[in-house]
Every structure is written in structure tokens, then in C-alpha cells.
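Undergrad: only geometry, no sequence info:
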């Protein structure tokens with residue numbers, strides 16, 4: 001099994017709904033997010049790739065257009081804007097384009113991350 005990954009970055013604000021008023025994440029705040037998409041395949045293509053990294057630039061374009069410097073509550077259309085929810089949402093977008101996708105990881109700080117892997 002061969003595995004590849006590529007990282008992307010964006011900045012966005014959000015408010016996580018359902019938290020007590022004193023919780024800092026219940027207030028408007030932002031993060032410098034990192035997104036890592038992970039792909040695996042037992043077979044390599046004719047060139048020797050799991051997937052050409054260049055093809056993954058479509059995710060960068062999507063992130064830059066849809067997420068970067070936006071308010072995640074507005075983008076997702078609800079107040080469940082945790083890294084867990086975001087990683088699953090991005091996984092769905094990626095999996096629809098690249099069947100080799102096995103997971104998406106979202107980091108909201110250098111020391112915290114959430115990963116969606118079905």
C-alpha cells in the first residue's frame with residue numbers, strides 16, 4: 001500500500017454553537033487552519049503515482065475560494081463548525097473527486113487536530 005499526503009492552509013473565523021457562554025470557543029474567534037488530505041492505493045498508475053500531486057491543486061482552489069478569510073458558520077450554514085465536522089465535510093468533497101482519499105485531517109492549532117477517516 002502506498003500513501004501520499006498534501007497540506008493546505010487557510011484562515012477563517014467561526015463560533016461553535018451549543019457551548020456555555022463562558023467557553024472561549026462559543027465566541028467569535030479564528031484560526032490559521034491546516035488541512036491534510038491523505039490518499040492510499042495498492043496500485044500505482046503508469047507514471048508511478050498514487051495520484052499526481054498537481055491534481056490536488058483543485059483542493060487548494062476550493063479552500064482559497066470557499067474557506068479562506070471567511071466565516072465558517074456562513075460557509076457550512078450552521079453552528080457546528082468544529083474541526084471534526086470540517087474534516088468530514090472536506091473528506092466528502094475530496095472523496096467525490098479522488099477515490100484514493102482515505103482521510104482528511106484539520107489542524108486549528110499546531111498542537112491540535114481532528115481527522116475524518118471512514
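TA: Right, received. Where do you want to start? Everything numeric here is computed off the predicted structure, so don't read it as measured data.

Undergrad: Reduced to three states, what does residue 36 come out as?
TA: State at residue 36, reduced to three classes by DSSP: H, G, I helix; E, B strand; the rest coil: strand.

Undergrad: For beta bridges, what are the partners of it?
TA: Beta-bridge partners recorded for residue 36 (DSSP bridges): residue 7, residue 105.

Undergrad: I'd assumed residue 9 was in contact with it.
TA: No: when contacts are counted by Cβ atoms under 8 Å, residue 36 is not listed as touching residue 9 (10.2 Å). Heads up, the C-betas are built off the backbone N, CA and C, glycines and all.

Undergrad: Which of these two has more residues huddled nearby?
TA: residue 36 (17 against 13; other Cβ atoms under 10 Å).

Undergrad: By residue count, tell me the biggest helix in the chain.
TA: The helix spanning the most residues in the chain, taking DSSP state H as the definition, is helix 83-95.

Undergrad: Give me the buried positions along that one.
TA: For helix 83-95, the neighbour count (16 or more other Cβ atoms under 10 Å) marks 83, 85, 86, 87, 88, 89, 90, 91, 93, 94, 95 as buried.

Undergrad: Check stretch 61-81 too.
TA: By neighbour count on 16+ other Cβ under 10 Å, the buried set for stretch 61-81 is 62, 63, 67, 72, 73, 76, 79, 80, 81.

Undergrad: ok, the residue lying farthest from the centre of the chain to residue 15 distance?
TA: Using Cα atoms, centre = their mean, the residue of the chain lying farthest from its centre is residue 46. It sits 28.6 Å away. Per Cβ to Cβ, to the nearest Å, residue 46 is found 48 Å from residue 15.

Undergrad: which residues touch residue 33?
TA: Contact analysis of residue 33 by Cβ atoms under 8 Å, 6 or more residues apart in numbering lists 9, 10, 11, 12, 67, 83, 86, 106, 107, 108.

Undergrad: Perfect, that will be all.
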